[in-house]
Each structure stands twice: as C-alpha cells, then as structure tokens.
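1. Fold the stuff below for me.
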Amino acid sequence: HRGASSGDVDTPSSFAVEDIPQAYSHYTYLASKRKFLVCDLQGVLNTSSSPPVFELTDPAIHYKEQTHRINFGRTDLGEEGIQKFLL
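-> Numbers count the residues shown, from 1 in each chain. Have a look, this model is predicted:
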C-alpha cells in the first residue's frame, strides 16, 4: 500500500470485524486532539444493511480536561480512563 505522502506503508491485507470498534475508539481520541476517548462500545454488526453498519450502544466517554469539564456520567474516568484504554 502506498500512502498519500508518506511513501511505502505496511498495512495488513485484512482485519477482524472485532477490531473496528477499537479502531474507532482510537480515532475519537486523535480526532478530538487527545481531549476525549469514546470506548467500551457494545453492539452488533448489521450485515443486512448496505453497506453493513455497526449498531453501537452504551459507550463510555473519558474526557481529559479537569477545568471547564463536560460531565459524561459515572463511567467517565478522565485522563485515567484514557490511559487505561491506550495501554
């Protein structure tokens, strides 16, 4: 696989469906400029829709900021939750 501007990049030719929610969690962390992470995703892959889609429920959102903090509920473990996910 050749990256847009990064030269040759090794990428796996296939991946497990179970890896997609993990990848999405990582994406939320990067897309939020490392401010929050959406994880603990539960749900099913709906293959009867075209294209197939994940139907996910009950996410946990860990929000890094300690000041001007958004409350994402009792499962929000802040920076500690983010670090536990990434390790």
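
2. how far away is residue 71 from residue 78?
-> Distance, residue 71 to residue 78, by CB to CB, to the nearest Å: 11 Å. (Each C-beta comes from the backbone N, C-alpha and C, glycine too.)

3. quick one, what contacts residue 87?
-> If a contact means CB atoms under 8 Å, 6 or more residues apart in numbering, then residue 87 has no contacts.

4. can you tell me how far it sits from residue 55?
-> Taking CB to CB, one finds residue 87 at 28 Å from residue 55.

5. the strands in this structure, which residues?
-> Along the chain, the stretches classed as strands by DSSP state E are 36-39, 42-46, 53-57, 60-63.

6. Save those as CSV, and put in mean neighbour count and distance to residue 21 too.
-> Below are those laid out as CSV (neighbours: other CB atoms under 10 Å; distance: least, CB to CB, whole Å):
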stretch, mean neighbour count, distance to residue 21
strand 36-39, 23, 8
strand 42-46, 12, 8
strand 53-57, 12, 7
strand 60-63, 20, 12
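
7. Quick test: name the residue nearest the centre of this protein.
-> Centroid-nearest residue in the chain: residue 25, 0.8 Å away (criterion: CA atoms, centre = their mean).

8. partners of the residue lying closest to it once chain neighbours are set aside in the sheet?
-> Among residues not flanking residue 25 along the chain, residue 39 sits closest, at 4.4 Å (CB to CB, 6 or more residues apart in numbering). Under DSSP bridges, the beta-bridge partners of residue 39 are residue 60.
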